[in-house]
Structures are given as structure tokens and as C-alpha cells.
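*Asks:* My questions concern the predicted model and sequence given below.
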Amino acid sequence: MQVSSRIRRSVICAAIVAAGAVSGGAWAQEKITVGALRFTSHAPTFIAYERGYFKQEGLDVELKFFQAAQPVAVAIASGDIDFGITALTGGYFNLADKGALKIVGGLFAEKKGYKGMAIMASNKAYAAGMTSPAKIKGHSVAITQVGSSFHFMTGMIAAKYGFAMSDVSLKPLQKVGSMIGAVKSGQVDAMMMVPHVAIPLDKAKAAKIIGWMSDLGPYQVTTIFTSTRNTAERQVQVKRFMRAYKKGIADYRAVMLNQKKDPAATEAMVKLIHKYVYADRPYEKAAPGIKAGAVYINEGAALDVGNVKKQLDWFKAQGLVKTKMTYKDLIATGYADMFDVPK
Amino acid sequence: MPEGPVPQARSVAFRGGGFAPRPVGIVGPIVFVTLLLLWELGSRTGWISALILPAPSAALGALEDLYRSGLLFKHLGASLERLVLGWCLGTLAGIGVGISAGLFSLARAGVVPLVSAIFPIPKIALLPLFIIWFGIGEASKVATIFFGVFFPTVIAVTGGIDNVDRGLVRMGQSFGLRWSSVVRKIILPGALPAILSGFRITASIAIILLVAAEMIGAEFGVGAYILMAGNLMATDQLIAGVAILSALGLGVGWLIGRAERFLLRWRG
Amino acid sequence: MDLHLSHVSHRYGGVEVLDDVDFTVAQGHIVCIIGPSGCGKSTLLRLIGGLEKPSAGAVLQLGEPPADSRNPLTYIFQDFALLPWRTVRGNVSLVLEDHVLDQGARAAIIDDVLRRTKLSEFGDAFPRQLSGGMKQRVAIARALSVNPACLLMDEPLSALDSQTRELLMDDLIELWSREPFTACYVTHNLGEAVRLGHKVIVLSRRPGRIREVVDIDLPLAGRSAERASLEALQERLWRLMREEALAADQELADA
């Protein structure tokens, strides 16, 4: 009795596997490596991985975790991994200048009505009158590094409120932790910060939120990218990767961008993300941070091409990126929707 | 003499020699130049991709740009100021504490375990605390170098004093020399060789820590320049910056060599 | 000034090193102390000079040292104890610098002692440039410069080869003949003892006790001519010491 049931079960399993293989195409699973950071903004990667969307596309994905975005770009340029997510930084552009990297889609973007990056003032600066982003002129701003996205955001604020970069003094402190420390202790006047850190800081009266980056206009913060070789030689594979990834994005948008609609689904997704983000904390402690960190992600991995061009031009104008490249050389089209494309 | 055929004479095989390094002055530069040439050649032929390592000529170009822009001396000046200040203060404090630990049992009992406990802590790990203690201005940068220099100096000075020939101290005491004279004329000169070789190490540590020190909100400085180049993936500038540090190290090493030759000329 | 050792005993922890040593060093005399190794000769010398305190008994100065003596009890060490970073002049100068002397007076003293030790030409040399014998002459010059009331010499010739030792002994005798000095001379070399001592004190093995005191009445300067009587004396001292030396040799260290 026992034996026959085991046989029956294995026959069913074999049938399912065979059916899966046929529906996914007649090819064997292709091995690819995806670079990831343990941030909520990388959640679609984890969703697509956990829910088997990559497998359905015939991709055997291995996740490789990094501490910072830049090494991911270096690893893709050197061919060690296949796909990654990164903010557009001076380092990224200079690396792309060597011709090894292509952006294939957009991910995290600032959009009005959604909590993205917060603009914060130290209590001291706020008390002295720095109560809005326009008043950052003449103050110090904490950034991680020269050429980082924090540097660019400072540039966005300067452009929006009509002052020059020389009107602020940038304090590169290497680490987000050091930025927070410097603003908390009042040694630096302003910084930009991810929402799930900024809001608790503001609540604890350790610093003050004086504005949101989403109020300053569109900003394509992170993009999905791969190696130039993949876009030239393995277009089918890139397409399959993007198809799976978009499913992850769709799931994310349906639940995380409207968390109140279906609390059970939210709970399930936060649990899934918690396997990768804040995994060192118990679920109860990690959940609020994961929920608060659920930033806006473009539908269908659409890419704001106009904003990518704007970022490249700004880095060139600042002398941080020396290249003859145009925004067109940065992007490989045909894998996701492109919008706001310059004429 | 025993009778018999005369034994055959043959010279004893030489088996000495070796283990005595002699100065071969020309080899160093030849190795250096050859490596550079091979590197340049590799880059030009595309055997070494620009992504992996920029050509030496590209790094030289970056250095030239830096010089033309006038920023070279601004970076160097800012770094030298931090180095000199941090090293001098750390050395002075280290010598002071090292002498007390070398001379007084009570100071030794207090200082030596403390130094052993704190010396191995990477100063970079303490950067966030340094920001809170010393701010993000010059003080935290100088403090980083100060702490890097202070502990090895204490160790060098204490060790140097320990190794002073006790016979010489007894001689001084037997002639009724004042305590201060024994310290000044016998113990300190006796510890000087160890202190000077400590300087070689602490000067290198100071240069190593320069990059760490300039992680904290530095606009100018060779370390800040290297960090910026790294963040921007500007590898030619990175190599140029590292070359500046290297030259700085050579310069400091040369200066200490001169000081040693002058102060320790009695060694011949 | 005479020195008197009054029933001096000394112990390190539980080990008895010296037991009831009692003798006098008369002014202008050289007293040689001999004994097998480990008998406490060097300890005795450190006690006399005040570098260590005896466990029992006392070292007494009888009479005042000369008024111009800057360091009445002055040592000469086996290993010379010269500062390698100072020149010959600098090494002599070291022991004068803590005394109130003007530049000229100090230079005059240095010139004088260097002349007496035949080192005038080597004033600016560093110790590393000197032979062992010259180094010990520098140490002697340094000792003379403070006008000692009594020289405490701890195996001063042991680190030198035998020819140099002969030459230096002649130098010491010449120095003494011109201007007699008082000295306690510790040695394990019987030849040195019979050449230089007015009195030879033979110590037993540990704990060191006085086995015998031998007075030698021959004038120092004429002794090299009296080989036969010196040989006999040396033989007698050796007989006294032989048993002790043998026993000391077979003792385990720290046993």
C-alpha cells in the first residue's frame, strides 16, 4: 500500500516537472547570477526568486549579496554576475564609459504622493531657520561620497531653488550611519535619507524632515542593468529575466504600494521580504521598517530616459564624469518601456 | 711518518659564503622601471584592459591634470598638515607615556595592558565615535592619525628603555649622577635607536591612516582624492593618488634615514 | 680614609652569599679579593660601594675622604661600561657634569686624566674605535677624574686578552707608583692578585667566608723582577683555593 502510493506520487511529480519544462520551453534551466542588496527597494528580486518566476522562465538564479551598489557594477563589468540594481552615480557612469554596462529598465523612482527620500535638517539648523529645502543654501550637507546619489540629490535641490553647488558645503562621510550621526549631533545641517530611517528619526525628534525629494520633480533613483555582452549575445535570456522581474514588480506594486488594502497579503509579502531584509531582527521588529521602506517602483520596470539623461548631464557638468558618451550609449532598449524619451 | 705512497693532494671544498647581503644599488630601479614598462606595454596592447588597471601613462596624465589644476598642492598641503600635526602630537605623547612606563613600575603596570588592549583596534572602526568626540573638522582627522601613532610609539619607547644596558645605568649611579642625568644622558640616548626605528613604523602607519582620516568630511587631501577617485571609478586618478602616497612614504623614510645617520653616527 | 668591613653578611632570599666578612682596606693600599666563582666577590664589592645594603654588619668609612674627592667610592667595571654614543672625552666628562665646575676646570681635569692614562690623542674617538685595553684605560681615566678615595675594581682585566692584561697591569702599577691610590680589587686571576695586591683576601666558596689573609710585603714596582717568590706565593694561594674551586665547580647552579 505504502509502496504503491510512493510510486504514484513520484509519477505525478515527474509529470509535473515534464509539463513545467514544456511550458517553459524545451531548454534546460540556464544558470545566472543576480547581485542584490538587502534593501526593501530590491524586494522585486526576492519576490521573483521566492515565487519561482525566474524558474518559470527557465532561469536558475543564484542571488549574490553585496554591501554596496558599486561592487555590483564592478562585478557585472568583470563578468562575475549577470544582473544588478544600482543608483546612477559618478562611479557607475565612469564604469559604463568603459563600455561594459547597459541599463535595461527602471526601478525605484520618486513620484508625487509616495514616500521616497526625505530631506532632513538637524535640530540645530532647523532652530536657526533652515525650515525648508530652499533654505539649505549656505549650509552643510552630509553625503556618503563625492559622486554618490546623495551628491546628485543635493544638486537637484540646488537646481530647483536656484543656488549653485558652491553655495553648500558637502561633507562626504562614507557611510549612511555616519551621516545620521553627524546630523543628529548637529555637526552637519542637512541630509537626504531613506523614508524608513527618516520618519523614526523625525518622530524621535533627533532630526527634522523639511521636505521630500518627490516634491522636486521626477527622479529615476535606481535602475536594472546588465553587461553589454548579455544585451548583445544573450538577448533572449535578458528578455526572460525581465519578464520574470516584471512579475515580481507587479506583485510588489499590488501589495506594498497599498498596504492597507489586503493586510493578509501585506503580511505574507513582508514575511517573504524579511527572509532577506533585516533578517537579523525578529519579524515584529523588522516589519515596520520593511513596510515604511516600500518605495515607489515603476510599473513594468519602465525607465525614465529623460531623467537618466539629466543625471548624466549633471555629473558631466560637475566634472565628475569625463566621457563622450550620451544617454543613448547607457541604455539597451527593447526590454522595458521607455518614457520621457528626449526628442 | 708512515711508509707508503704519497697521498693525493686536493684542495678542501669551499662551503662558506652566502647569508651576507651586500648592497646592489642598481637592481631596485631596474626592477621598478621594467615592471612599469611591462605594465604600460600590456595596457597599450590591450592585454591589460583599462577596466582592470589603467596604464601608467594614464595615471601620469591624471597626475599632470591634478598639477595643472593647482589642486595637487592643495591636497598635499591639507594632508601634510594633518600628517605632521597628528604624527608630532602622537609621537610626543607616546614618548612621554613610553618614558614613564619605561621608568616607573606603577606607570608601567597601568599603561602596558591598556596599550595592548587598545593598539590592535582598527582606528577605522572607531570613526563614527571619533565624529561624535571630535566633530567632522580637522580634529577628528588629526585624532585618527594621533591614535595610530601614539600606541606603537609607547611600545617602541618602553621597549627601547627596557633594552638599555643596565650596566650603564649602574655605572651612572655608582658615580653619583643625578637621577635626571641618568635618564637624560644614559637611558634616553640608549633607547634612541629603538625609538627611531619606531618612527619608521609610525610614519608609515600615519600615511596608511591618512586615507581613513580623510574619510570624514574632507574636501581636500590626498586620502580624500583617492577616496573620491575610488567612488567615481576613476582608476587612473586612483593610481595617481596611490603613487603620491607612495612618494610621501619614500620621502618620509628618507628623512628618517637622514635623522638616524645623524643621531646615531656613533654606531659607525 | 680607610674602609672597614665590620662582620658583613649578606643573603639573597634564602641563599646565604657572604658570612661574617671582616677586614680593613688601608689608605694607599691595594687589597685583592680572590675566591672561586660564585663566592660572592662581586656582591662584596657592590656592598662596599653602596650599590647594595648588607643583610647584617656594616661597611664603615674611617676618617673623612679628601675634600677634593668628588666620588669617594668609584667603580671600574669588567665590561668597561662606556657610553657608546659619547667620545672618550665625553665619557670622562659625563661623571663631572653633575659637579659645579667651570668649562675650563673640567677640560683641565679631562686633559690631565687622559694624559695619565696615555689617551691624550684619542679624546675624540668613539668607544667602538678603541681596542679592549684602550676602553678599560678610558674607564680608568673616568674613575681617576673624580679623585676617588678608594677604587672598587670588579675583575677589570678579565675581558682582555693576556698580553693586554700584562700591559694594563704595568700601567696600573705605574699609576700607583706615581700617586698611590686605595683600591679593592676583585679577581679570580691569582697572577693579578700577587702582582697588584698589598694584601690578598682568600674567600671560601658560597657562603663566602674569609679563609685566609695573605700580606705581600714586596714593593709593587719591583715585583716583576721577583718572579720566583711571586710564583711561590701564587702556588700557595692556589693550594688554598683548589679544594674550594673544585667543590664550587661541582655545585649545581641554584642548588
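*Replies:* Arrived safely. Residues are numbered from 1 along each chain as shown, chains lettered A, B, ... in the order given.
*Asks:* burial measure for the residue nearest to A:Lys261 when sequence neighbours are not counted, as a count.
*Replies:* Nearest-residue entry for A:Lys261: A:Val255, 7.9 Å, with adjacent residues in sequence omitted and distances by CB to CB, 6 or more residues apart in numbering or on different chains. All C-beta atoms are positioned from the backbone trio N, CA, C, and that covers glycine. As a burial measure, the neighbour count of A:Val255 was computed by other CB atoms under 10 Å in any protein chain shown and equals 22.
*Asks:* how would you label A:Val255: helix, strand or coil?
*Replies:* On the three-state scheme (DSSP: H, G, I helix; E, B strand; the rest coil), A:Val255 is labelled helix.
*Asks:* which stretch of helix or strand covers the closest residue in space to A:Ala254 that isn't next to it in sequence?
*Replies:* Spatial nearest neighbour of A:Ala254, chain neighbours left out: A:Ala265 (7.9 Å); criterion: CB to CB, 6+ apart. According to DSSP states H and E, A:Ala265 maps onto helix A:263-274.
*Asks:* That helix: how far from the chain's middle?
*Replies:* In terms of CA atoms, centre = their mean, to the nearest Å, the gap separating the centre of helix A:263-274 from the centre of its chain is 19 Å.
*Asks:* count of neighbours near the closest residue to chain A within the stretch 1-150 of chain C?
*Replies:* Using CB to the nearest CB, the point where the stretch 1-150 of chain C gets nearest to chain A is C:Trp85, with a distance of 46.8 Å. Here the number of neighbours of C:Trp85 (other CB under 10 Å) works out to 20.
*Asks:* neighbours around the residue nearest to it when sequence neighbours are not counted, how many?
*Replies:* Once its chain neighbours are removed from consideration, C:Trp85 has its nearest residue in B:Trp266; the separation is 4.3 Å (CB to CB, 6+ apart). The tally of other residues near B:Trp266 (other CB under 10 Å) stands at 16.
*Asks:* mind listing what B:Trp266 touches?
*Replies:* C:Pro84, C:Trp85, C:Arg86, C:Phe126, C:Arg128 (CB atoms under 8 Å, 6 or more residues apart in numbering or on different chains).
*Asks:* which other residues reach stretch B:195-211?
*Replies:* Taking CB under 8 Å, 6+ apart as the criterion, the residues outside stretch B:195-211 that touch it are B:79, B:82-83, B:86-87, B:90-91, B:94-95, B:123, B:144-145, B:148-149, B:152-153, B:155-157, B:160, B:221-223, B:226-227, B:245, B:248-249, B:252-253, B:256, B:259-260, B:263-264.
*Asks:* buried ones in it?
*Replies:* Using 16 or more other CB atoms under 10 Å in any protein chain shown as the burial criterion, the residues of stretch B:195-211 that qualify are B:195-196, B:198-199, B:202-211.
*Asks:* quick one: average pLDDT of it?
*Replies:* Model confidence over stretch B:195-211 averages 93 on the pLDDT scale.
*Asks:* can you check stretch A:78-98 too?
*Replies:* Along stretch A:78-98, the predicted confidence averages to a pLDDT of 90.
*Asks:* Then stretch C:133-151?
*Replies:* Throughout stretch C:133-151, pLDDT has a mean value of 91.
*Asks:* now it: how far from the chain's centre is it?
*Replies:* With CA atoms, centre = their mean as the basis, the distance from the averaged C-alpha position of stretch C:133-151 to the chain average is 10 Å.
*Asks:* Can you name the residue of the stretch 201-343 of chain A that approaches chain B most closely?
*Replies:* When distances are taken as CB to the nearest CB, the stretch 201-343 of chain A approaches chain B most closely through A:Leu320, which lies 5.9 Å from it.
*Asks:* That residue and chain C, how far apart?
*Replies:* Taking CB to the nearest CB, to the nearest Å as the measure, A:Leu320 and chain C are separated by 56 Å.
*Asks:* so what's residue 173 up against?
*Replies:* This is for chain A. A:Ala142, A:Ile143, A:Thr144, A:Met179, A:Ala182, A:Val188, B:Ile131, B:Ile136, B:Met215, B:Ile216, B:Gly217.
*Asks:* my question was about chain B
*Replies:* Going by CB under 8 Å, 6+ apart, B:Gln173 touches B:Val182, C:Leu51.
*Asks:* so the closest residue to chain C within the stretch 101-250 of chain A is in which element?
*Replies:* Per CB to the nearest CB, the residue of the stretch 101-250 of chain A with the smallest distance to chain C is A:Gln174, at 46.8 Å. In this structure, A:Gln174 sits in neither a helix nor a strand according to DSSP H and E.
*Asks:* Next, count neighbours for the closest residue to it other than its chain neighbours.
*Replies:* The shortest distance from A:Gln174 to any residue that is not its chain neighbour, by CB to CB, 6+ apart, is 4.6 Å, and that residue is B:Met215. For B:Met215, the neighbour count with other CB under 10 Å is 24.
*Asks:* and what of the one 5 residues further on?
*Replies:* B:Phe220: 17 surrounding residues under other CB under 10 Å.
*Asks:* for it, what are its contacts?
*Replies:* Contacts of B:Phe220 were listed using CB under 8 Å, 6+ apart, and they are B:Leu71, B:Lys74, B:His75, B:Gly77, B:Ala78.
*Asks:* Sitting in helices, which of the contacts of stretch B:195-211 do you find?
*Replies:* The helices in this structure, assigned by DSSP state H, contain B:79, B:82-83, B:86-87, B:90-91, B:94-95, B:144-145, B:148-149, B:152-153, B:155-157, B:160, B:222-223, B:226-227, B:245, B:248-249, B:252-253, B:256, B:259-260, B:263 from the contacts of stretch B:195-211.
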